[in-house]
Structure formats: C-alpha cells, structure tokens
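>>> based on what follows, work out the 3D shape:
(2 chains)
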Amino acid sequence: MIRHIEVRTGTYHDSVTLMQVSQAVQGEDGVGAALVAMATQLNLDLLAGMGFEPPSAGPNDLVVGITADDDAALGRALVRLEAALSAGGSGGGSEGGGFDAAPPRSVGSAARRDGATVAFVSTPGPYAFVDAMDALQHGLQVVVFSDNVPVEQEVRLKREAAERGLLVMGPDCGTAVVGGVGFGFANVVRPGPVGVVAASGTGAQQLLALIDGAGVGISHCLGVGGRDLSAEVGGASTLAALDLLADDDATEVVVVVSKPPAPEVADAVRERTEKLGKPVVLALLGPGRPDLTAVAETVVTTAGAEWAPPRSWPSTAPGAGPYPFVRGLYAGGTLCDEAMLLVSAEFGPVRSNIPLAPAWALEPDLRADGHTMIDFGDDTLTRGRPHPMIDNSLRIERLLAEARDPSCGVVLLDVVLGHGAHPDPAGELAPAIVRARNVAGSRGRDLAVVVALIGTDADPQRLDDQARALRDAGASVQLSNAAAAREAVALVRDGADG
Amino acid sequence: MADLLNDEPRVVSAGVDLFAAALVAQAVPVTTVDWRPPVDGTSDDLVRVLADPRRPEANELALTRMLEAGAELVDVRPAREVLGLEPGQFLHAGPPVTWERASGPLRGALIGATLFEGLAPTASAAESLLAAGSSVEWGPCHDRGGVGPMAGVVSPSMWLFELADPASGRTAWCSLNEGLGAVLRYGAYGPEVIERLRWMADVLGPLLQAAVRRGGPVDVKAIVAQMVQMGDEGHNRNRAGTLMLLRDLLPAMVDSGAPSSDVAAAAAFIGGNDHFFLNLVMPAGKLQTAAAAGIPGSSVVTTMARNGTDFGIQVSGTGSAWFTAPANTPVGMYLGAYGPDDANPDIGDSAITETIGLGGFAMAAAPAIVRFVGGSVPDALATSRLMYEITVGENPAYAFPILEFRGAPTGIDITLVARTGVLPQINTGIAGRVAGTGQVGAGLVQPPMDCFTAALSALAAAVPPPPAPE
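Just a heads-up that it's a prediction; the model follows:
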C-alpha cells in the first residue's frame, strides 16, 4: 500500500466542497482512504487516525492524504483530485483574465456591486465576525450561520445592527425563512400566519415541519442564534425580531422558541410579547416544559386550525428485545436536548457531549456509557468539518460501532430534510442501518433504530421517499422527535413489544 | 435600507458554497464571494479593527478628503527656499534609511547630489563624506511634505515644483524630472548627470518659475483627469500629461523674455521626456493623501514608498508611523543588455500614484503600455478591477473610459488587503543595483505583505477598549 501526503498553501475551499472532493477521490478503484481538507487540528488528528504522520501545516493550508493499492491507483486518485478541486472551486470564477469582472473578494465588495439586501455568512467561526461586520457596515441584514463565534463578538455585532436598524440572525443561526426564502438549513413551508423567532436551528425546523404538516403556513422564521437569550447577549436579536413581526401584516401568531433564557432576559422578552398586539406562544424548552410537538400543537390551535398527531411509519421488523440502553446520534442540538429530557425523565442520567447536567458529561473520546446521546452538530465536532446534516460519515461510523456494542439497544437518529441539508440522507443512512442491524443480528441481538424525520412534503428530498427508504431498512420513522424519543423509551422499558 | 420582511432578498453569500446553491435553487439572486481566509496571523487584529466603531466614518472621511483635495502648480523654486534645506542636508525617497543599509541607487544619488552641491571634489570623496556622516544628514521626502521619484534625492540647490491644494491651502512638492537613462534619480552621478542638473537649476528652473508666475497656477488635477482618459496611467506613462502641461506653460515661457534658445531647449527637454509630468502627478497625489492622513480609526493607506532597501507604508489612523519590510525586486523588461541580475529592489516615492488609484491601479486606462509592464489588455482590466477589492471608494475625477468611466480605485484599506490577500499592484522603473548605473528597466512590483500586517497590528493596538456593559 502507498501512502501519499501533501500540503498545498495559498488555496482555500470550504469543508463541504472538500468533503465532496474526498469522496470523489475515495471512489477511485484501488484507493483505500482519502482525506482532502484544510489542515485544522481536527483534520490533522483524522489524518493521524488514518496512519499518517501529520505534516506541519496550518488551518489555511490544504492537506491531502491518500492511501492507495499501487502507483497506478494513486495516479488515478491524483487526477481525480485535480478535476474535483477545479470543479468544486470556491467562488466560481477565475482570477479575471478576459473582459469579465472577477468575483468579489469580500462581502462589502459584493454588496457594493449588486445592491444586495441580505448577507449569508457561513465562513469559519474565527473569521465570521469580520465578514458579518462588513455586511452590517454596508447596510445589509445578516444571517450568520457560522458557529464558534466568541460571544463578545456576537454582542458587538448585535449592537452595530441595533444602531443601524438591521437584524443579525445568529451567529450559529442554522435556519431562517424570510418571506418564503430559506437560509441555511430550511424546510420548504407554505406561506401563512405563523411567525417564528428561534434561538434554535433544529428546534425551528421541527416546529416549521410540524406546523406545516398540520396545514398551517409560516410568514417568517427569524433565527437569532442559540445564545441570544443569554445574559451577555440580552435577547438583542429576539427583541428586534419581535418588533419586526409586530409590524408585519402577514404575521398573526408569533412563537418564540428557545432554551430557558437568563431571568432578566426572560422578563424583557415577556414584557415585549405582552405588548406585541398579537398572540404569542412562548416556548422555552426545558425539564417539565412542553416538548416541541406540544408547542406545535398549541401554535396550530392558536392559529385556529385542527391538530392531528404527526405521521409515523412503524418498523416492519419484528422486535426482539431486550433493549438495554438508548444511544442517540443527533445532528440537531435542540432535538438531542429534547430527546435527552424525555429519556432522562424516565431513566435518569443520559450521558452526552451536551449534557443536561454537568455530571453527565461524556469523556472527550465520547465513549458510550449507559443511555448516551451525542450532538454531532456541536461546535467542537464541526470545527473544520461539514455539519452532520450534510455529512453523515461520523454518524454512520458511530452507528456501526453501536451495533457492535452489546449494551446498545436502541439507536435514535434524527434525519433533517430541507434546503441546505444532504440531498438524499436516506440514501446513505438506510444501507448503514441495514448493515448495523445485520452486525447486531450476527451477534444475536436486535438493534432497534428509531428515526426522527424532520421535513415537509415540499422539501427537495421528498419526505415520503425518505421515510419509506428508512422504514424499509428496518427503522421506525416518526415525524415528531418527541414521539421518536418516547418510542425509544418504550422499547427499553417494555422490551420487544414497544 | 432594505425592508427585511417585505423586499425580495438579494443575497451576498460568503462561505459554504452549498448554501449559496440552495438559495439559487430558490430563484434568489445570489452574489458569491470568492472568500478565502485572511492572511495568516491577522484574524485577531482584523476583529479588533473591524469592531472599532470609529472606522466606517473615519474611512468615509479619509475618502472624502482624498477626493476633495485639489492640486495646482503654484510656483517653481529651489529646495533651499521651499524647505530651508542647508548645504549637507538631503532628502530621499521612502522610509528612513542609514548609509550602511542604503541601496546602490540611493548611494549613487546621494553621491551625485554631494558633487552637485560642491561638497566634495570626487565621487570617492563624496562617498567617504557620506559614509562618515558627520557633516551631512538626510531624511524622507514624505516627512517634509513632498515626494521624490526613484532615489528621490533632493539637495538645497535643486529646484522643486510647488503645488497647493486650493481647498485646504496645504502644499506639497517634487523635484523636476531629469529625463531617462543615466540620471541622478536612478543612481547615476557621472559628469553628464551633474551637468544636466546644473542646466536644470540655472535655466530650466528659473524659466518654469517665470512661466508659472506669469501664466498663473496650472490646474494639475484637471490635467491628470484628462491624461487618464488619453491613455496615461500617470506612473509609467505620462505622455499626454506632459504635452498638456507644455501646452499650458509654453506661451508664458515664450513671453518671459528669456533667450529663445533657452526656451527652445526647455521646450525640447520637456517635450522629449514622456515622464516630465510624473513629477507633478506625484505631488498632486501627496496633496490628496496628506488630506486623508491622521484620522483616528481610519484604515486607509496614505503612503506607499520605497528607499531601495525597504518598502514603507503609512496609514491614516496611525499618523506618521512607518511600517516597513524589505522591498521586493520588480519584474519587468530591461533596457539593452541589462537583465534581472542588474535590478535593485523597488525604490521611489512614485508609488504615491498607486496610493491615489493611478499607476498599476489605473492599468485599464493605459492599454498602450500593457506589454511594457508584462501583460495583455485583459490583464490590465483585471488588474484595475482587482484593486477595487482593496479600496474603500472610487475617484470620479479620475475615470476609466473602458470601465464605463468608473472612477479610479481609491483609498487602499489595510483590512481589505489582509482579508483578501490581494496586494496593491505597482508599476515602476527599475534602477541598477550598482551605484552610478542609472535605469536598467521598468516593470511591475508588489509591496511586501508584512508592511500591511504590521500596520494592522498597530491600528488594532490603537483601538479604544469597548465601553463597559451598562
């Protein structure tokens, strides 16, 4: 076997493009493994895990690690690498030979050229502040998708936005829907009377999907970032978003979704909602509070529509418990939280990288212990890597590891559809679920897989097709994450007949 | 201000291409930024400088002042009168430099100036005098409010163009252009060089003085505006500008009462030297940049200058501090048998033209010289367009017809240089490495990135701490 490693300086591609390049290179005959990535610490560690001596390179350098059977295979891999890199290229333009203008190099330059109204910033966290500030200073509304942005930078951005009468959605705003246009990870929803202010990306997506599923439409969904209601940020964007929705003729009912805010911020938000002049559903998620599905029900009935429980596709595989522990492998942090609340209410401690209680924190190696739920979308796991809603590889790896672990009874997965998400997640996850169930089966166990499928009928991935593919792989599929978590609880509690 | 909830969005996307594609799939107009990480080690400084609440207005003010500055040729006088220079005092291009570190062309020019001033009988005696440094001193032209081309050496007996900004009353100056080849500014100091300097001090200077005083101020800014539309970029090509100046001065020169042979010689000298007007573009640029200097919080570059050893820049928000790094050597075309081995590192205050959006920034305006500076016409357009990516605004007074009369890219912003990694493009002459050689070629050069990152650090350090939370 040949190991090829090289470092390229002065070239940058985003992590999603590089994931696609890596996969293209991996697909060549005779190629064992391929990692084409920016040389962040995480990626250097991955290289070391592949058996490479990590090169000396920084996060602005591109590193290529390929293992191949022979020279011919490596040659094919490198040809493929060049082709994929040049096809993927960032920005989509040349250096500007010819008479056409080259693409803009900064948000400000782009704004000046094309009279833009909104900036969508998804640059790596350490750089996002500069791009977002540039956007604000050029008079643009901003969606900051990037995570890993220091909180003091968030405060500064939101102060600038307030002074300029603009809205900053984020940082770490995974989802926004403004006038029907989805930013980041966004489901395709019908227009209607419900306005959403969300300090949670996947929480917003679950709400959007369930409300739309009940036949009620959405006016806007303004993401504000998971920290907006903290004491430091003080609800700056939440309050600004409420003001916008108060003045919006299309919005008749408002829902605010967040983790429990800092008390003084909660007061400010409550005070504002009381004066909004429109019904407001304040959904502050936490122990003993209504789950997202219950919130959706309240919203739907407040909007004057009928509520019916979300659809489900029960597993066709016969159950054969016992099912010792639940293992949640989540892409969405809020969905992971919600599932942990439901599982821990029944069984006590749930170990996690985003634990409900500090004592329940997982070790850094994320080894499973009892009931365990991992948020693969957490900041520390997405540094220099695509989000798990785009890249299923880490979760699939973990799914197969759980299949080999006799203490794992039920795997709980979220599959999130919509713009920005993987174009066919079931296409990757369904075969992995089959493999995992076979691995467990070959060891004499039944591995139950319960999927929370977050999506709408209009999403580009086709909700029904995704649900069927997952069910046909042996999973049980629920459109409600809370229902999925309850099903996992029932399986553990009741054994085979959950 | 866009109405977020009601206007059709037009989006700028920076970062993950997939999300831009998702917006395009929703039929939203999207402009994708060709984003790349900032220059290594600059992220923290960028955050601090971008967070400075003074910066947007400070840069706006810097740009406004640069655009509003005018430039008129008001007099021609010896340096001893304009600056009070004494014998043994010299000025030079670029940031400060000692004799030990001075490049060949700067040493050659100082030797020539010492001979011209009669401070030493021979070149070697002049060299000893300068190396000893006891009775001589020198400093940057920029620090005295003026600019010098190439070595930029100015001595008390040399004559200067004096320009004034009618708006502010501020003045700036530059030496008279000596022509091409073996000339003092390129480090040559042979007898013909000294002879020419004497003629310039005895005949050309007084004649120009008489013409300017008689004919009244010459609107240099207006000539620059016209030359840019006539195929000059104002740094390596000044042909149209030179002829327009001559057209303005000639009647008064003829009418001055000077011997017609002197007038003829002066007219032939000016008309035969396509770069004569460069020495007026430069101080016009100095007036423009000086107007923008010293604005707290501004990240706009007010000086780019080289002494043949170091490249130095000054930034509005950090006042007169120089940020230097070793100068690069230009790449270009060579005269006669000279080649790259003969080239000295970048030298001269003439990068003031790029600092105001001319020269390399105005390549789109000068297709006639694109080969001379190593490229094709599309390259020229691409170069000018790329410079808009690192500038805060445009100068409508200096408009490029081929870019639909877009104004010159004006006000280099060090934060944009650090964010994009794009360096200012400079057109320049190439001086011989060895003192006494003169010009060996002309071409293109870029400043070292370290000047910009060092300036950015200093600007970041000067940002006031954020207000304490209420």
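>>> sketch out the low-pLDDT regions of the stretch 1-150 of chain B for me.
Applying pLDDT under 70 to the stretch 1-150 of chain B flags the ranges B:1-2.
>>> please repeat the previous calculation with a cut-off of 90.
Along the stretch 1-150 of chain B, segments meeting pLDDT under 90 span B:1-3, B:7, B:16-18.
>>> where along it do the helices fall?
Ranges of helices in the stretch 1-150 of chain B, per DSSP state H, counting those that start in this stretch, are B:17-25, B:43-51, B:55-68, B:79-83, B:104-116, B:123-132.
>>> out of these, which gets nearest to B:A284?
B:A284 sits nearest to helix B:55-68 of all the helices of the stretch 1-150 of chain B, at 11.4 Å, using CB to CB. The way it works is simple: take the backbone N, C-alpha and C, and place the C-beta from them, glycine included.
>>> packing partners for the closest one?
Secondary-structure packing of helix B:55-68 (3 or more CB pairs under 8 Å, 6 or more residues apart in numbering or on different chains; DSSP states H and E): helix B:278-292, strand B:391-400, strand B:406-412.
>>> want to try a markdown table for the helices of the stretch 1-150 of chain B, with mean neighbour count as columns?
Formatted as a markdown table, those follow (neighbours: other CB atoms under 10 Å in any protein chain shown):
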| stretch | mean neighbour count |
| --- | --- |
| helix B:17-25 | 21 |
| helix B:43-51 | 21 |
| helix B:55-68 | 20 |
| helix B:79-83 | 19 |
| helix B:104-116 | 27 |
| helix B:123-132 | 16 |
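>>> out of those, nearest to B:R198?
Going by CB to CB, the one of the helices of the stretch 1-150 of chain B nearest B:R198 is helix B:104-116, 7.3 Å.
>>> for that closest one, packing partners?
Packed next to helix B:104-116, using 3+ CB pairs under 8 Å, 6+ apart, are strand B:89-92, helix B:123-132, helix B:191-199.
>>> relative to chain A, which of these is closest?
Shortest distance between chain A and the helices and strands packed on helix B:104-116, using CB to the nearest CB, is found for strand B:89-92: 34.9 Å.
>>> ok, A:G455 touching A:N187?
Yes - under the criterion of CB atoms under 8 Å, A:G455 makes contact with A:N187 at 6.1 Å.
>>> which residues are common contacts for these two?
Shared contacts of A:G455 and A:N187 (CB atoms under 8 Å, 6 or more residues apart in numbering or on different chains): A:A209, A:L417, A:G418.
>>> quick check: next helix or strand after the host helix or strand of the first one?
Mapping A:A209 onto the secondary structure by DSSP states H and E places it in helix A:201-213. Using DSSP H and E, the helix or strand that follows helix A:201-213 towards the C-terminus is strand A:218-223.
>>> residues touching that following strand, excluding its own?
Here strand A:218-223 makes contact (CB under 8 Å, 6+ apart) with A:143, A:167, A:169-170, A:173-179, A:183-184, A:186, A:189-199, A:201, A:204, A:208, A:211-212, A:237, A:241, A:244-245, A:248, A:250-252, B:5.
>>> quick one: which of those residues sit in strands?
Within the contacts of strand A:218-223, residues falling in strands by DSSP state E are A:143, A:169, A:175-178, A:183-184, A:191-198.
>>> so which of the residues you listed reach chain B?
Checking the ones in strands among the contacts of strand A:218-223 against chain B by CB under 8 Å from any CB of the partner chain, the ones in range are A:V178, A:F183, A:G184.
>>> what's opposite the residue lying closest to the first one once chain neighbours are set aside in the beta bridge?
When you say that, I think you mean A:V178. Leaving aside its sequence neighbours, A:V178 sits nearest to A:H220 (CB to CB, 6 or more residues apart in numbering or on different chains; 5.4 Å). Using DSSP bridges, the bridge partners assigned to A:H220 are A:V178, A:G195.
>>> what is the neighbour count of A:H220?
A count of nearby residues for A:H220, using other CB atoms under 10 Å in any protein chain shown, gives 24.
>>> same check, this time on the one 10 residues further on
Under the neighbour criterion other CB under 10 Å, A:S230 is assigned a count of 19.
>>> that one falls within a helix, correct?
No - under DSSP: H, G, I helix; E, B strand; the rest coil, A:S230 falls outside any helix and is assigned coil.
>>> hmm, back to that, A:G455 and A:N187: who's more crowded?
Between A:G455 and A:N187, A:N187 has the larger neighbour count (other CB under 10 Å), namely 31 against 28.
>>> quick one: low-confidence parts of the stretch 201-350 of chain A?
A:201, A:259-260, A:284-288, A:316-321.
>>> can you check the stretch 301-450 of chain B too?
Along the stretch 301-450 of chain B, the model assigns pLDDT under 90 to residues B:332-336, B:367-379, B:436, B:438, B:441-443.
>>> got the residues of it near chain A?
So the stretch 301-450 of chain B meets chain A at B:376, B:378-379, B:381-382, B:385-386, B:388-389, B:415-416, B:419-420, B:422 (CB under 8 Å from any CB).
>>> at 7 Å what do you get?
B:P378, B:D379, B:L381, B:A382, B:R385, B:L386, B:Y388, B:E389, B:L416, B:R419, B:T420, B:V422 (CB under 7 Å from any CB of the partner chain).
>>> the fourth one contacts A:A102, correct?
Yes - with contact defined as CB atoms under 7 Å, B:A382 counts as touching A:A102 (6.4 Å).
>>> among these two, which residue is more densely surrounded?
More crowded of B:A382 and A:A102, by other CB under 10 Å: B:A382, with 23 against 19.
>>> let's verify that one: helix, strand, or coil?
B:A382 - assigned by three-state DSSP - is helix.
>>> any idea how far B:D413 is from it?
20 Å (CB to CB, to the nearest Å).
>>> same question, A:R190
Remark: distance between A:R190 and B:D413 (CB to CB) = 45 Å.
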